[in-house]
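Trainee: The sequence and its predicted three-dimensional model are supplied below.
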Amino acid sequence: MFVCRGTGATGAALRIYFRNQTAICGQAWRFLSTQTEGEIRIAKVLKEKFPLASSLKVVDISGGCGAMYEVHIESSEFTGKRTVQQHQLVNQALKDEIQGMHGLRIFTDIPKQ
């Protein structure tokens, strides 16, 4: 398998067939692989801290090295809280994990009723 490096549109789910082997650019590889240990660990912590979460997604956006994650969480536990307060709750829940990261993107939402 050949792996090419690309950004922007090239980093989208682009597959190029070359000599009966697949070259996979950028993020397409992530769609074909399983969750990383870091993603699983962070998701477990968030599920424990936010048991009412109706949606949870954790993605290692560092390319698999665990330096940066993106968290999407939807929970009724955020009802009545401003966005900054919701993010503070997530940061508090992940305080031990954050120490080993370079960055964390947080997206929170309240379930639509």
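Mentor: Happy to help now that I have it.
Trainee: In this model residue 90 seems to touch residue 72, though I could be wrong.
Mentor: No. Applying Cβ atoms under 8 Å as the test, residue 72 and residue 90 come out as separate, 10.4 Å apart. For the C-beta atoms, the positions are set from N, CA and C on the backbone; glycine is no exception.
Trainee: Look at the two and report which has more neighbours.
Mentor: Counted by other Cβ atoms under 10 Å, residue 72 and residue 90 do not tie: residue 90 has more neighbours, with 20 against 14.
Trainee: Next, count neighbours for residue 97.
Mentor: Per other Cβ under 10 Å, the neighbour tally for residue 97 reads 16.
Trainee: what's the helix or strand for it?
Mentor: helix 95-98 (DSSP states H and E).
Trainee: what's in contact with that helix?
Mentor: By Cβ atoms under 8 Å, 6 or more residues apart in numbering, the surrounding residues in contact with helix 95-98 are 38, 41-42, 45, 91, 104.
Trainee: Distance-wise, check residue 110 relative to residue 57.
Mentor: The gap separating residue 110 from residue 57 is 16 Å, by Cβ to Cβ, to the nearest Å.
Trainee: what residues are up against the closest residue to residue 102 other than its chain neighbours?
Mentor: Spatially, and ignoring its direct neighbours in sequence, residue 102 is nearest to residue 67 (4.3 Å; Cβ to Cβ, 6 or more residues apart in numbering). Residues in contact with residue 67 (Cβ under 8 Å, 6+ apart) are 101-103.
Trainee: Checking residue 88 next. Helix, strand or coil?
Mentor: The three-state assignment at residue 88 reads helix, by DSSP: H, G, I helix; E, B strand; the rest coil.
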